[in-house]
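> pasting the structure only:
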């Protein structure tokens, strides 16, 4: 079997054109340009050379026997007919004539050889010229491609030779700079004159930095054009190195006029809130830095008011976002008006986030001036405003931070004003709160607690304790409230007053609430199985009603644990009743329908309303501890307690007094008809095992001579 043998394609011959070619020259050329590598064509010097050059020879050798002007004219004609450009023209002369050699080079010759010439020397010179022409052609092609790419991309380039100080420009660079194309090298000062005077020094520094530090530098600057139109250029500069020395610079120019315009438009949008027209956070920070710099020089104060609207989320959820937007626009107008009255420009009023605003007050002589402006803001917002046929009064909490005492820079001042506003909300809303250093420490602890709380359940740091509830009439233990406790290995026992608000704000309350519910139901079932039937109350937050399906969670836990529904009572807060977005009425009725009790916690304070007590299906009202604390010493508190008991009993509800810490309180509450008591005077919270021991021993059942039930702390 024969196999095919692949051979490389035959190499294309190089083509040489010999013009003239008497016998000695022809013999020399044939010996130098050996076949088959070369194909030689011999032409009559008197014939028209155009057809020869049309064949694009790789080299043209001219027999110099033709002397005088005719020879030089022939060389010039050949160069002109060289369509490819750069074809080597090699001239062979019979005798050394310096004036002819010089004229030949000027006419277009690439090389001139004087007889006698050896064939090897001619071969070497021809090979060198051909390779050089190929390299020059390649470079020329690359340059053309570069220039074409620069034209398409709107870029240009230049080089600066350090020894001459002259800049050489590409045509596109000259066009970008508005210079005549092909104008030749120019000095660096010619470039600087094209730049506005205010920006020349920056460009000069960029050039010096590139040269002195041997590293690339980018700089943007405007350009002065004859028509007065502003043009923006970006120059990328880099050093040209040779033998570890910088011998020059090269730069690339790019027209960024359109980009600059787009960036300006973007900054304009970013600096303004589209809904209210107020300054953005970014613009506010710039204004703050300027105001603080001036305050430092002139020795005066700068204050920042952080205005946080109260209960705005419920407005959006109940009346809709369009109505909420109208309120935000109204607030913006009020802040503008108050700021102008205080001598602050409109640019100093900003919208930071959804319902958070800021007012910058520069050039204050006293921090009390900031407090007066903040109170004026609250008064103005509280004035009724007609929006979509509704009278609206806006509540807000305001935090104040003052430079330099409360923050040395803009970010710190903004953060501290925010902390003060958060504190104002915590202590009752609708307040003005100056920043205090302790708030920074509190914020750091809060940050630490939030981070640790996220893994507390998985680490087994959370557990459930129970505080007994007794019948006021005979001291029987009739129930217990499930309370979550957090024992951290380093921080120790963390108060629920600290971590429950954090859990609600971060959404961690969902997982924690489910853990407490499941644990409490499982423990209650254990007590039931051991002969101690007890009603367990579990707190459910408004976050859980807003973000989870409480009905499904509760019924699933009851199924899993086997606890009878009537043994479970859910405690809710008044805030849940007020929040129209979380309407719990259907869930309440469904849960009560299967036997689960509903208790209203902390009743008698805050936003208490008799209307929703009668409207919602409730089983228990828990009298707030603030009333219980004064019930035996303050007639007003006793009157409130009596009214709550009467209301509850008229609606067939039970009344539980929480926070009973003294015998006198228990006595008064029993006399007023309160049904159940809970508090430290009854018993502190205990573990499940301790609760079961108390139930088994009956230790809490104790009658005093006045009929008041109680045990001392730590008994049993």
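Noted; the coordinates are in hand. Owing to the predicted nature of the structure, the values given are computational and were not obtained by experimental measurement.
> OK, contacts around residue 74?
Residues near residue 74 by C-beta atoms under 8 Å, 6 or more residues apart in numbering: 19, 45, 49, 62, 66. For glycine as for every other residue, the C-beta is placed from the backbone atoms N, C-alpha and C.
> residue 513 too?
Residue 513 makes contacts with 539-541, 544, as judged by C-beta under 8 Å, 6+ apart.
> can you classify it as helix, strand or coil?
State at residue 513, reduced to three classes by DSSP: H, G, I helix; E, B strand; the rest coil: helix.
> going forward, the N-terminal residue is numbered 19.
Okay, using 19 as the starting number, the last item reads as residue 531.
> which two among the contacts of residue 92 are spaced furthest apart?
The largest separation in the contacts of residue 92, counting by C-beta to C-beta, is between 67 and 84 at 12.6 Å.
> looking at the two, which one has more neighbours?
Comparing residue 67 with residue 84 by neighbour count (other C-beta atoms under 10 Å), the higher total belongs to residue 67, at 18 against 15.
> that one and residue 47: what is the separation?
Residue 67 sits 17 Å away from residue 47, going by C-beta to C-beta, to the nearest Å.
> ok so, going back, turn the contacts of residue 92 into a markdown table, including distance to residue 617.
Rendered in a markdown table, the data for the contacts of residue 92 read as follows (distance: C-beta to C-beta, whole Å):
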| residue | distance to residue 617 |
| --- | --- |
| 37 | 116 |
| 63 | 121 |
| 67 | 114 |
| 80 | 115 |
| 84 | 123 |
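> in the residues you listed, which has the lowest confidence score?
pLDDT is lowest at residue 84 among these; the value there is 53.
> so residue 389 is in which element?
Element membership for residue 389 (DSSP states H and E) is helix 386-400.
> partners of the helix or strand following that helix, with directions?
Helices and strands here follow DSSP H and E; after helix 386-400, the next one along the chain is strand 403-405. The strands that strand 403-405 pairs with in its sheet are strand 408-410 (antiparallel) (by DSSP bridges).
> any residues touching the partner strand, and which ones?
Contacts for strand 408-410 (C-beta under 8 Å, 6+ apart): 345, 348, 402-404.
> hmm, try it at 7 Å
For strand 408-410, the external contacting residues (C-beta atoms under 7 Å, 6 or more residues apart in numbering) are 345, 402-403.
> also stretch 270-277?
With C-beta under 7 Å, 6+ apart as the test, stretch 270-277 has contacts from 172-175, 191, 194, 238, 249-254.
> take the contacts of residue 531 and write them to a markdown table, including distance to residue 698 and neighbour count.
Written out in a markdown table, the entries for those read as follows (distance: C-beta to C-beta, whole Å; neighbours: other C-beta atoms under 10 Å):
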| residue | distance to residue 698 | neighbour count |
| --- | --- | --- |
| 557 | 18 | 22 |
| 558 | 24 | 26 |
| 559 | 24 | 22 |
| 562 | 28 | 24 |
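> looking at the contacts of residue 92, which one is closest to residue 232?
If you rank the contacts of residue 92 by distance to residue 232 using C-beta to C-beta, residue 80 comes first, at 48.7 Å.
> just checking, next helix/strand downstream of the host helix or strand of the closest one?
Element membership of residue 80, judged by DSSP H and E, is strand 77-81. Of the helices and strands lying after strand 77-81 in sequence (DSSP H and E), the nearest is helix 87-99.
> and that following helix, what's buried?
By neighbour count, and taking 16 or more other C-beta atoms under 10 Å as the criterion, the buried residues in helix 87-99 are 89-90, 92-93, 95-97, 99.
> lowest-confidence entry in the residues you listed?
Taken together, the buried residues of helix 87-99 show their lowest pLDDT at residue 89, with 80.
> picking that back up, and the contacts of residue 531 as TSV, adding pLDDT, secondary structure and distance to residue 105?
What follows is the contacts of residue 531, written out as TSV (pLDDT from 0 to 100; DSSP: H, G, I helix; E, B strand; the rest coil; distance: C-beta to C-beta, whole Å):
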residue	pLDDT	secondary structure	distance to residue 105
557	93	strand	96
558	91	coil	94
559	87	coil	90
562	86	helix	89
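> let me know the closest of those to residue 437.
Distance ranking of the contacts of residue 531 against residue 437, using C-beta to C-beta, places residue 559 first at 23.8 Å.
> surely that closest one and residue 527 touch.
Yes. In this structure residue 559 lies within contact range of residue 527 using C-beta atoms under 7 Å: 5.1 Å.
> and this protein, what are its domains?
The chain breaks down by automatic domain parsing into domains covering 32-162, 172-278, 289-453, 467-714.
> so which of those domains is nearest residue 461?
Taking C-beta to C-beta as the criterion, residue 461 comes closest to domain 289-453 out of these, the separation being 5.3 Å.
> avg pLDDT for that closest one?
On average, the pLDDT along domain 289-453 is 88.
> same check, this time on stretch 675-692
In this model, stretch 675-692 carries a mean pLDDT of 92.
> equivalent analysis for stretch 457-476, please.
Throughout stretch 457-476, pLDDT has a mean value of 81.
> just give me how far it sits from the chain centre.
On the basis of C-alpha atoms, centre = their mean, to the nearest Å, stretch 457-476 is displaced by 23 Å from the centre of the chain it belongs to.
> show residues contacting it.
Surrounding stretch 457-476, the residues in contact under the criterion C-beta under 7 Å, 6+ apart are 434, 437-438, 441, 480, 504, 506, 512, 516-517, 520-521, 524, 526, 529-530, 533.
> what subset of these is buried?
Among the contacts of stretch 457-476, those that count as buried by neighbour count (16+ other C-beta under 10 Å) are 434, 437-438, 441, 480, 504, 506, 512, 516-517, 520-521, 526, 530.
> looking at these, which one is closest to residue 184?
Closest approach to residue 184 among the buried ones among the contacts of stretch 457-476 (C-beta to C-beta): residue 434, at 58.3 Å.
> mind listing what the closest one touches?
419, 424-425, 453, 458.
> likewise residue 46?
With contact taken as C-beta under 7 Å, 6+ apart, residue 46 is in contact with 135, 137, 140.
> so which of these sits lowest on pLDDT?
Sorting the contacts of residue 46 by pLDDT puts residue 135 at the bottom of the list (85).
> count the neighbours of it for me.
Under the neighbour criterion other C-beta under 10 Å, residue 135 is assigned a count of 16.
> likewise for residue 230?
Under the neighbour criterion other C-beta under 10 Å, residue 230 is assigned a count of 10.
> please, which helix or strand holds it?
With DSSP H and E as the test, residue 230 turns up in helix 215-231.
> and for that helix, what's in contact with it?
With C-beta under 7 Å, 6+ apart as the test, helix 215-231 has contacts from 210, 213, 234-235, 237, 239-240, 255-257, 264, 267.
> related to what we said a few turns ago, need the contacts of residue 434 in a markdown table (columns: secondary structure).
Rendered in a markdown table, the data for those read as follows (three-state DSSP):
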| residue | secondary structure |
| --- | --- |
| 419 | strand |
| 424 | coil |
| 425 | coil |
| 453 | coil |
| 458 | helix |
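> ok, now which ones touch residue 431?
With contacts taken as C-beta under 7 Å, 6+ apart, residue 431 has the following neighbours: 306, 322, 419, 421, 424-425.
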